[in-house]
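> I need the structure of the sequence given here:
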Amino acid sequence: MTNYGDKCYWDQRYTKHKGSTFDWLENYTQLKQVLELFVERDHRILNMGCGNGEIQEEMYDDGYENIINIDISEVVIE
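Reported below is the predicted structural model:
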């Protein structure tokens, strides 16, 4: 069974799939209407476990400019 809480798992995964992106559940287009109900564009947003998804970049391009992304994997952050 995959241990998604294991830093080594993520470091290996991001090293293996370097250059590719992946959004886990939904992409920004699918979440945009819900986010607009609850998150103002000037809010400070903490994206924990950002991975290498594109959602935070698409949110930024749409005016959410105060986003802090963190992840357990230094490989993906670099």
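> Every contact and neighbour count from this point should use C-alpha atoms.
Noted.
> which SS class is the residue nearest the centre of the chain?
For the chain, Cys50 is the residue whose C-alpha lies nearest the centre (C-alpha atoms, centre = their mean; 2.8 Å). The three-state label given to Cys50 by DSSP: H, G, I helix; E, B strand; the rest coil is coil.
> for it, phi and psi?
phi -60, psi -30 (degrees, to the nearest 10).
> residues contacting it?
Gln56, Asn69, Ile70, Asp71 (C-alpha atoms under 8 Å, 6 or more residues apart in numbering).
> can you pick the most crowded of those residues?
The residue in the contacts of Cys50 with the most neighbours, by other C-alpha atoms under 10 Å, is Gln56 (22 neighbours).
> element containing it, please.
Assigned by DSSP states H and E, Gln56 belongs to helix 55-61.
> Need the pLDDT of the residue nearest to the centre of the chain.
The model reports Cys50 with a pLDDT of 94.
> picking that back up, partners of the very next helix or strand once past the helix holding Gln56, with directions?
Later in the chain than helix 55-61, the nearest helix or strand by DSSP H and E is strand 67-70. Note on strand 67-70: by DSSP bridges, its sheet partners are strand 45-48 (parallel).
> wait, Asn66 sits on Ile45?
Yes: the criterion here is C-alpha atoms under 8 Å, and Asn66 meets it with Ile45 at 6.2 Å.
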